[in-house]
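In: Quick one: sequence and predicted model below, then my questions.
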Amino acid sequence: MHQTDSSLYRNPTGNSLRRFSFRRKATRDSISTHISTWNFSNENHEWQLLREDGAQIQLVYNKSEHIPLKDFAAEIRGGKDIKEFILSALVLLDVQDTSIGDLLEIILRRIKQTNLPHSVGTTLSPSLSVSSATTAMISNTVSSIASGHRENLNIEEIKQAIFVNDRVRILAKTVQATTATETNWTYDQSWLAIMCTSPSILKRHVAIARLKNPCNLGRNCQEARFIVFVLSPMREKGTKNFLETGRTFATIFADIELRAKLLKAATQQEFISIIDVN
């Protein structure tokens, strides 16, 4: 940062005063310095670099990759995914609170209720406030039935899989649309697909949340109205993995006209029907 000073001088052609500015060169004393120290963490068994204020310095690897839109006419798996997942997808409409962690807890609880129809519990309204609904979450593990096996969805474990780690609250795996011109390209900031894999997930789950108000999910997604969650087992076939499922639903939400229709959907059934028809 450079400091700017200003002064006044008299206009030689008149009596008015004009202000001019000059930029002072940075000196050694004006440059702030921070001290960092290396420390070995016995808990994590790794070296850490810490600033003097206690903040930890970490490295984050980001990789952006272009993936083609799904061709539903040519790719049979894409069409099957739509029929299989959209009819059973968890849809939350007009969610008022937008914490990713709170929203994920609601989704996991609803997965349990969906897969255990005779279980006793409070049914959550499709139009809800996450902060009030999360008070029903009293355990870090919820159970459901997946392919004949009991699926114990570990909330904290899945949260860690969604983010880079518990310290760096950056989403680890996402799919988003971009618009390119000859000179520039921009992100479509109105929706985001979030994907994760976890050992406690035994089958793929898809959940879609329509937010009541635009939400800031990061630098490249500051006005999100739709969030698509794709939860997948650790090991899946290439055509069934989290990225292929994420690409399927990302192709759907890349359609501007379709999103406009989904914003007007009054019920979950209407929301699902719009996607199914298109």
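Out: Cool, got the structure. Being a predicted model, the structure only gives us computed values, none of them experimental.
In: Might one say that residue 34 is in contact with residue 55?
Out: No - with contact defined as Cβ atoms under 8 Å, residue 34 does not count as touching residue 55 (9.6 Å). Where you see a C-beta, it was placed from the backbone N, CA and C, and this is true even at glycine.
In: what about these two, which has more around it?
Out: residue 55 (12 against 9; other Cβ atoms under 10 Å).
In: how much space between the more buried one and residue 151?
Out: 38 Å (Cβ to Cβ, to the nearest Å).
In: Tell me who's in contact with the closest residue to residue 243 other than its chain neighbours.
Out: Distances taken as Cβ to Cβ, 6 or more residues apart in numbering place residue 195 nearest to residue 243, at 6.9 Å, with adjacent residues excluded. By Cβ atoms under 8 Å, 6 or more residues apart in numbering, residue 195 lies in contact with 173, 174, 175, 229, 230, 231, 232, 242, 243, 245, 246.
In: These in helices, which ones?
Out: Those of the contacts of residue 195 mapping onto helices are 242, 243, 245, 246, per DSSP state H.
In: Neighbours of the third one, how many?
Out: Read that as residue 245. 27.
In: Model confidence for residue 40, exactly?
Out: Here, the pLDDT recorded for residue 40 equals 88.
In: quick one, what contacts residue 205?
Out: Taking Cβ under 8 Å, 6+ apart as the test, what residue 205 contacts is 90, 107, 111, 229, 230, 231, 232.
In: chain center to stretch 245-252: distance?
Out: Its chain's average C-alpha position is 15 Å from that of stretch 245-252, according to Cα atoms, centre = their mean, to the nearest Å.
In: Show me where this protein has its helices.
Out: Under DSSP H, the chain gives helices at 76-81, 100-115, 130-133, 155-162, 242-253, 256-264, 268-277.
In: Check the gap between residue 273 and residue 258 for me.
Out: 12 Å.
In: ok, residue 272 touching residue 89?
Out: Yes - the pair residue 272 / residue 89 is scored as a contact, 6.9 Å apart, by Cβ under 8 Å.
In: Using CSV, write down the CA coordinates of stretch 256-265.
Out: The C-alpha coordinates for stretch 256-265 follow below in CSV (Å, rounded to 0.1, in the frame of the first residue of the first chain):
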residue,chain,number,x,y,z
ILE,A,256,-31.8,-20.3,-18.0
GLU,A,257,-35.4,-20.8,-19.1
LEU,A,258,-35.8,-23.9,-17.0
ARG,A,259,-34.5,-22.2,-13.9
ALA,A,260,-37.0,-19.4,-14.4
LYS,A,261,-39.8,-22.0,-14.4
LEU,A,262,-38.4,-23.7,-11.3
LEU,A,263,-38.4,-20.3,-9.5
LYS,A,264,-42.1,-20.2,-10.0
ALA,A,265,-42.9,-23.7,-8.9
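In: What are the buried residues along it?
Out: For stretch 256-265, the neighbour count (16 or more other Cβ atoms under 10 Å) marks 259, 262, 265 as buried.
In: Tell me the one of these nearest residue 209?
Out: Nearest to residue 209 among these, counting by Cβ to Cβ, is residue 262 at 11.5 Å.
In: which ones are touching that closest one?
Out: Going by Cβ under 8 Å, 6+ apart, residue 262 touches 210, 226, 271, 274, 275.
In: at 10 Å instead, please
Out: 91, 93, 191, 208, 210, 225-226, 252-253, 255, 270-272, 274-275, 278 (Cβ atoms under 10 Å, 6 or more residues apart in numbering).
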